[in-house]
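> Structure here, sequence nowhere to be found:
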């Protein structure tokens, strides 16, 4: 099961990364294929079991015991997952982290969201029309918002990649 969830995490990360990269070239893949928003549901499918598996793993319990983490408030120590992690996984995590920060912060600086009303483009904030905008502005703002959301999704897919890869590695070492 962990192997399948690991593969789903890699696929989710690859798709969200592709959406972000294509948006840099002014290609709004989500506009052409709106069902790609299902990737946000996929985050929960891979992240929740990753947390569950990690929390109940022997290596994590040993780590908590060895490091005198007695009053654990439900959090999972990440240090064991980073220890001897593959460079490609660390690169994915680093890229995802910086992409999430940059893209999401830029999307927060937009004045609002966009909407088409009677074939005209408008900038809207909290349901109020701010002003009419050009089609280019409309596309630019939508791409910024897409980058922000899918940049965060990249991060939430990269964490299960790290966790599952290490859990699978630990399971393989235990069986040898």
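Cool, the structure landed. The structure presented is a predicted model; accordingly, all values stated were derived computationally and were not measured. Numbering: from 1, shown residues only.

> Would you map the helices across the chain?
2-24, 29-32, 39-55, 58-66, 79-82, 87-108, 135-175 (DSSP state H).

> Who are the contact partners of the most centrally placed residue in the chain?
The chain has residue 153 as the residue nearest its centroid, 2.4 Å off, counting by C-alpha atoms, centre = their mean. Neighbouring residues of residue 153 by C-beta atoms under 8 Å, 6 or more residues apart in numbering: 12, 16, 39-40, 43. C-betas here are computed from N, CA, C, even on glycine.

> Among the residues you listed, which one has the most neighbours?
Counting neighbours by other C-beta atoms under 10 Å, residue 16 leads the contacts of residue 153 with 27 neighbours.

> Centre of the chain to stretch 48-64, how far?
Distance of stretch 48-64 from the chain centroid (C-alpha atoms, centre = their mean, to the nearest Å) equals 21 Å.

> With stretch 159-170 instead?
Taking mean C-alpha positions (C-alpha atoms, centre = their mean), stretch 159-170 and its chain are 16 Å apart.

> For that stretch, give me every contacting residue.
2-3, 5-6, 9-10, 13, 46-47, 50-51, 53-54, 57, 59, 80-82, 85-86, 89, 92-93.

> Closest to residue 24 out of the contacts of residue 153?
When those are compared for distance to residue 24 (C-beta to C-beta), residue 16 wins out at 13.5 Å.

> OK, contacts around residue 118?
No contacts exist for residue 118 under C-beta under 8 Å, 6+ apart.

> Next one, pLDDT for it please.
Looking at residue 118, its pLDDT reads 86.

> ok, now the one 3 residues further on?
The pLDDT attached to residue 121 in the predicted structure is 87.

> Many thanks, we can stop here.
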